[in-house]
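Enquirer: my questions are about this predicted structure, shown below with the sequence.
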Amino acid sequence: VMTLSLLMYPVLRSLALQMHAAVTGSYISGTHSIAFINCLNEQIAKDIARGIMDKRLAAYVNILPKSSALYFWKGELEESTEILLLVKTRTSKIGELSNYIRSIHPFEIPEVISLPIDQGNPLYLKWIEESVPRD
């Protein structure tokens, strides 16, 4: 019984949080995430952003202007300019988003990094939830 209780704790905790959120209207930290995706140029960024939106993998994508980047690639220090996408989505969609980006991105190893959203405007977070279909 003790082992079963320990194994079931994460599931039961998740269900309790979801029930609490549904009853109180509160936000469960980490339900949504922001993903960072780097792109070589503005056209590639727009094409990728459009694909993300067409597949309903996000509620919102910011396309940030050029920034300078320094990084090691194959043992050499590289310098370039990049366009950054900020993708607002459900945390449960990050895996699907990452797979999609890897399938279309021209980089050999595209950057897809996500951070969970801890808190925010409840109305905005609800809008993300309504805009991105559940799994």
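Expert: Looks like it arrived, so ask away.
Enquirer: which intervals of the protein have sub-threshold pLDDT?
Expert: For the chain, applying pLDDT under 70 flags the ranges 1-2, 4-6, 9-25.
Enquirer: domains in it, as residue ranges please.
Expert: Residue ranges for the domains of the chain, per the TED database: 1-27, 31-131.
Enquirer: what about the longest one, distance to the chain center?
Expert: For domain 31-131, the distance from its own C-alpha centre to the chain's C-alpha centre is 7 Å (Cα atoms, centre = their mean, to the nearest Å).
Enquirer: endpoint to endpoint, that domain covers what distance?
Expert: Domain 31-131 has an end-to-end distance of 14 Å (criterion: Cα to Cα, to the nearest Å).
Enquirer: same check on stretch 96-113?
Expert: First residue to last in stretch 96-113 (Cα to Cα) measures 13 Å.
Enquirer: torsion angles phi and psi at the residue most central in space within the chain?
Expert: Closest residue to the average C-alpha location of the chain: A35 at 3.6 Å, with Cα atoms, centre = their mean. For A35, the backbone dihedrals are phi -100, psi 140 (criterion: degrees, to the nearest 10).
Enquirer: in this structure, mark out all the helices, start to finish.
Expert: Counting by DSSP state H, the chain has helices at residues 2-24, 42-54, 94-104, 122-131.
Enquirer: angle of the last one against helix 42-54?
Expert: So the one you mean is helix 122-131. Here helix 122-131 runs at an angle of 80 degrees relative to helix 42-54 (axes from the mean of the first three to the mean of the last three Cα atoms, to 10 degrees).
Enquirer: report the buried residues of helix 122-131.
Expert: By neighbour count with 16 or more other Cβ atoms under 10 Å, helix 122-131 contains the buried residues 125, 128. C-beta here means a position set from N, CA and C on the backbone, and glycine is covered the same way.
Enquirer: and for L86, the neighbour number?
Expert: L86 sits with 15 neighbouring residues when counted by other Cβ atoms under 10 Å.
Enquirer: please consider this matter closed, and thank you.
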